[in-house]
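K.L.:
Just need the structure, nothing else, for what follows:
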Amino acid sequence: MGKAQKYVLLGDATYPLQDWILKPYQEDENLTQRQLQFNYRLKRAHSVIENAFLRLKARWQILLKCDDCSLELLPTLVLACCILHNVCEAHDNPFNEEWLEGTEPTELPKPCQPAPAAMEDGRAEQVRELMCQYFESCGEG
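P.N.:
Predicted coordinates for the structure are as follows:
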């Protein structure tokens, strides 16, 4: 789209819109087709991320019981599992679907109430609009 863009995190409606947090447009009857498509694509991206974390936890089930190790070791343990997981995925190491049986998708804690509008960054709407334009230019999918 002709503008350099830094990385962003995906959030849901409860997070404040920031130039580094993308969140969907508020669902109501006034959304344009383009905004609905943006929300759909954001939802699809969330499901890809959830699936990746589910596979990571299923392959490295030590992550399901991280309360067994010290807090100082935890970041290193998670990083090691991510690296090993990516190596296995890159080398087409078979993923055993039975591993998923002991792994349930978990709801991550999130704010109970939507963030106040005062926390939203005005520049963030430009970022969301750019992404919306980009998704529109990509066509269906």
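K.L.:
Could you give me the buried positions within the longest helix belonging to the chain?
P.N.:
Ranked by residue count and defined by DSSP state H, the top helix of the chain is helix 33-59. For helix 33-59, the buried set under the neighbour-count rule, 16 or more other CB atoms under 10 Å, comprises 35, 37-39, 41-42, 53-59. From N, CA and C alone the C-beta is placed, and that goes for glycine too.
K.L.:
Those residues into TSV, with extra columns for pLDDT?
P.N.:
Shown next, in TSV, are the buried residues of helix 33-59 (pLDDT from 0 to 100):
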residue	pLDDT
Gln35	91
Gln37	91
Phe38	92
Asn39	93
Arg41	92
Leu42	92
Phe53	84
Leu54	87
Arg55	87
Leu56	87
Lys57	86
Ala58	89
Arg59	89
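K.L.:
Throw the residues you listed into TSV and include distance to Gln26, thanks.
P.N.:
Shown next, in TSV, are those (distance: CB to CB, whole Å):
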residue	distance to Gln26
Gln35	9
Gln37	15
Phe38	12
Asn39	9
Arg41	16
Leu42	13
Phe53	26
Leu54	28
Arg55	31
Leu56	31
Lys57	31
Ala58	34
Arg59	37
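K.L.:
Low-confidence ranges, the protein, go.
P.N.:
Flagging of the chain using pLDDT under 70 yields the residue ranges 1, 66, 102, 104-118, 139-141.
K.L.:
which stretches of it form helices?
P.N.:
Going by DSSP H, the chain shows helices at 33-59, 74-90, 122-138.
K.L.:
Run the chain-centre distance for the last one.
P.N.:
Taking the mean C-alpha point of helix 122-138 and that of its whole chain, the gap between them comes to 17 Å (CA atoms, centre = their mean, to the nearest Å).
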